[in-house]
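Undergrad: Sequence plus predicted model, see below.
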Amino acid sequence: MATPSLQFIIDSHSSDVVDGTQTDLNLHTRGQQMFPVLSPADIKRVSRFSEIKHFHDGDEVFHAGITTFGLMVVLKGCIKVSRHDGLGNTSPIVECSPGQFTGEVSQLSGRPALNTGRAIGDVDVLVTTSEALRALLVAEAELGERILRALILRRVALIELGAGGPILIGPPDHPRMFGLQSFLTSNSYPHIVLDPSCDEQARHLAARYKTPLNDWPMVVCPDGSIKLDPSIQELGRCLGMLPDFNPEKTYDVLVVGSGPAGLATAVYAASEGLSVMALDQACFGGQAAASARIENYLGFPTGITGRALAGRAYVQSQKFGVEVAIPAVAKRLYCDDFPLRLELCDGTMIRARSIVLSCGARYCKPALANLTTYEGRGVYYWASPIEAKLCKHEKIVLVGGGNSAGQAAVFLSEYAAEVHMAVRGKGLAATMSNYLIERIRATPNIVLHPATEIVALEGDADGLKQLRWRNNQTTVEEDIAVRRLFLFVGADPNTDWLGDCGVGVDENGFIRTGFDVTAAQCRALGKPGFVLPANGPIRAALETSVPGVFAIGDVRAGSTKRVAAAVGEGAAAVAQIHAYLARLPVTLRHSASDDVD
């Protein structure tokens, strides 16, 4: 199973997965951007952040899944970068000559290398740690831009080639296989998928481990270790996406949720010198990342995909040193002492001086008896290229009348033979932006079914086979043969995990902030809602009922459910965090950089 070299991707058409924009990599300039040769002056600038190391011919310079480094600039000799896939195959990827450097975007955050590098001849390299690399990118703007562009394009090429990351082995229609593949794709992580019924090496490996049906999928990690039916958390640890937390460290800002609001807070806070940890239970970008095209976001007249916007923000956060942990599921918030503490579902405890809740909302699920049976096997809550390929040339049903549903319908209409939109209301005008309504009307293979809801699902061991829907005006029910159902029926606030920590929520579960908190407290005391507290500071606009805990984005009561509004709130929260930290006693607001790493 040979993997072609990166030269192959330069000579072919590719799409920029990390940056999210279409990129033609057969342009000569793209090849130069991916593998630039640094000038002596450039190398001199890099050397201020680096140290020289020597390797002999044949030495292993770095190892996939194990070695962490920021950047290695070759001064003498050559480094041959190869993929060792855990199946006994070694495939060359690229050779870095003097003036060139190794690495891709993983090196910004100190994650393990995706591939293995070996010295050809006696090799001298400038080794720059991840921390020093981030300092270099900020201090040397023009050089940093060239380096960062190369790292991004290399990640894109690795995704296109499947030339790094884990190997997923299992039947392609297995629901757990779909879940792991969706997780990796949503986080722009390169990987390979092999079907043991078609690939001989995959079949032999499965036979060697005597993999039973309930242990699919098998995962070969970059370091060569094998995992049978791993959870998302186990896969995240295998790839270094879910790090080992330091219980002695206290962050200035802990961001729970890495959608547009959370990423905005993380980027602005880190760029202003605060130490930041950002968590997410699934992938960066939140629900906005599922938007096939956002056309009303300021500054993008031709539109931008939610995945592209999230990808850019994520790389930007890495540039400024934000620590990101995915998948990390919050279990409980402790607000009874200082610093504040957040417990994850695996028992890990994280400490922070301030916490920003941008945990968004969870997809609503209709009350259908066997819905969970078909999740990942015909029922989906997301419309990414993975799902789009599954429904190519098929008839599909999509439920929902909001903007996300409209964007998904338009996107899927490019793949599916027919897209049937079922909405409970009389139409789309009350719930969807006009530009999307017009686009849906102009798309011939999208059919709108107003006053319609799904009442039953039917299928077998292979997945969904048909559904029954009902017209609520005529009460007529009809069976529809369909294998793909997409649900975009709204979301509930993700706040039930807050428990008894004292963060106030409204009657719908959304978090109260600012004056809304004061008004609710006044109403509870039988006073008019506009009366300000007689003592104590006025609460910041995005601060919750617990000092030092802020809420932004979709999870905040009264928020505008738009990406631009979420980004604005994320940026505004940072100024309020600075003001809060400034009010703390000096002994409590020292920089987290003074803590143990």
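TA: Nice, thanks for sending it over.
Undergrad: those strands in the stretch 101-250 of the chain, which residues are they?
TA: Using DSSP state E, counting those that start in this stretch, the strands of the stretch 101-250 of the chain run over 101-102, 116-128, 167-169, 192-194, 218-220, 226-228, 250-256.
Undergrad: The third one: partners in the sheet, and parallel or antiparallel?
TA: If I follow you right, that is strand 167-169. On the basis of DSSP bridges, the sheet neighbours of strand 167-169 come out as strand 192-194 (parallel), strand 218-220 (antiparallel).
Undergrad: Just the residues contacting the last one, thanks.
TA: When you say that, I think you mean strand 218-220. Counting by Cβ atoms under 8 Å, 6 or more residues apart in numbering, strand 218-220 makes contact with 85-87, 166-170, 180, 205-206, 209, 211, 226-230, 235, 238, all of which sit outside it. Quick note: C-beta positions are derived from backbone N, CA and C, even for glycine.
Undergrad: now, which of those lie within helices?
TA: Judged by DSSP state H, those include Leu180, Leu205, Ala206, Leu235, Cys238 as members of helices.
Undergrad: Burial check on the nearest residue to the last one once chain neighbours are set aside, number of neighbours?
TA: Of all residues beyond its chain neighbours, the one nearest Cys238 is Cys221 (4.3 Å), with distances taken as Cβ to Cβ, 6 or more residues apart in numbering. Residues contacting Cys221 under the criterion other Cβ atoms under 10 Å number 22.
Undergrad: Surely Cys221 touches Arg237?
TA: No. Shown here, Cys221 and Arg237 do not form a contact pair, counting by Cβ atoms under 8 Å, at 9.5 Å.
Undergrad: And Glu478, what's its pLDDT?
TA: According to the per-residue confidence, Glu478 scores 96 in pLDDT.
Undergrad: how about it, what does it touch?
TA: Contacts were defined as Cβ under 8 Å, 6+ apart; by that measure Glu478 touches Arg468, Trp469, Arg470, Asn471.
Undergrad: try 10 Å
TA: Applying Cβ atoms under 10 Å, 6 or more residues apart in numbering, we find Glu478 in contact with His449, Thr452, Leu467, Arg468, Trp469, Arg470, Asn471.
Undergrad: And for Ala520?
TA: Contacts for Ala520 were tallied using Cβ under 10 Å, 6+ apart; they are Gly504, Val505, Asp506, Arg512, Gly529, Ser545, Ala557.
Undergrad: What's the separation between it and Gln33?
TA: Using Cβ to Cβ, to the nearest Å, one gets 53 Å for the distance from Ala520 to Gln33.
Undergrad: Now do the helices in the stretch 201-350 of the chain.
TA: Per DSSP state H, counting those that start in this stretch, the stretch 201-350 of the chain has helices spanning 232-239, 260-271, 306-319. These are given in chain order.
Undergrad: Just name the most buried of those.
TA: Here the criterion is mean neighbour count by mean count of other Cβ atoms under 10 Å, and of the helices of the stretch 201-350 of the chain the winner is helix 260-271, at a mean of 28.
Undergrad: wait, which of the helices of the stretch 201-350 of the chain is closest to Ala540?
TA: Distance to Ala540, taken as Cβ to Cβ, is lowest for helix 260-271 among the helices of the stretch 201-350 of the chain, at 13.5 Å.
Undergrad: That closest one - contacts with which helices or strands?
TA: Contact partners of helix 260-271 among helices and strands, from 3 or more Cβ pairs under 10 Å, 6 or more residues apart in numbering; DSSP states H and E: strand 250-256, strand 276-279, helix 306-319, strand 323-325, strand 349-357, helix 563-583.
Undergrad: now with 7 Å?
TA: Packed against helix 260-271, as judged by 3 or more Cβ pairs under 7 Å, 6 or more residues apart in numbering; DSSP states H and E, are the following elements: strand 250-256, strand 276-279, helix 306-319, helix 563-583.
Undergrad: Now Gly425: closest residue in space that isn't a chain neighbour?
TA: With Cβ to Cβ, 6+ apart as the criterion, Gly425 has its nearest non-adjacent residue at 6.0 Å, and that residue is Gly401.
Undergrad: isn't Gly99 right next to Val37, touching?
TA: Yes. Contact between Gly99 and Val37 holds when scored by Cβ atoms under 7 Å: they sit 4.1 Å apart.
Undergrad: Those two: who's more crowded?
TA: Between Gly99 and Val37, counted using other Cβ under 10 Å, the more crowded position is Gly99 (16 against 13).
Undergrad: and stretch 63-72, average pLDDT?
TA: The predicted model gives stretch 63-72 an average pLDDT of 92.
Undergrad: I should have written stretch 505-512 there, sorry.
TA: Stretch 505-512 comes out with an average pLDDT of 92.
Undergrad: One more: stretch 364-373?
TA: Per-residue confidence for stretch 364-373 averages out to 89 on the pLDDT scale.
Undergrad: buried set for stretch 436-450?
TA: Neighbour counts over stretch 436-450 (16 or more other Cβ atoms under 10 Å) mark Leu436, Ile437, Arg439, Ile440, Ile446, Leu448, His449, Pro450 as buried.
Undergrad: Please tabulate these in TSV and include secondary structure as additional columns.
TA: TSV is the format used below for those (DSSP: H, G, I helix; E, B strand; the rest coil):
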residue	secondary structure
Leu436	helix
Ile437	helix
Arg439	helix
Ile440	helix
Ile446	strand
Leu448	strand
His449	strand
Pro450	coil
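Undergrad: that older thread, any chance of a markdown table for the helices and strands packed on helix 260-271, columns distance to Ser358 and mean pLDDT?
TA: Written out in a markdown table, the entries for the helices and strands packed on helix 260-271 read as follows (distance: least, Cβ to Cβ, whole Å; pLDDT from 0 to 100):
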| stretch | distance to Ser358 | mean pLDDT |
| --- | --- | --- |
| strand 250-256 | 6 | 97 |
| strand 276-279 | 9 | 98 |
| helix 306-319 | 12 | 94 |
| helix 563-583 | 7 | 95 |
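Undergrad: so where's this protein uncertain?
TA: Counting by pLDDT under 70, the ranges of the chain that qualify are 1-29, 85-88, 210-214, 521-538, 589-597.
Undergrad: Point to the residue nearest the middle of it.
TA: Central residue of the chain (Cα atoms, centre = their mean): Phe284, 2.3 Å from the mean position.
Undergrad: what's the spacing between stretch 50-66 and its chain's center?
TA: On the basis of Cα atoms, centre = their mean, to the nearest Å, the separation between the geometric centre of stretch 50-66 and that of its chain is 30 Å.
Undergrad: typed the wrong thing, it's stretch 169-181
TA: Relative to where its chain is centred, stretch 169-181 has its mean C-alpha point 19 Å off (Cα atoms, centre = their mean).
Undergrad: what does stretch 36-50 give?
TA: On Cα atoms, centre = their mean, the centre of stretch 36-50 falls 32 Å from that of its chain.
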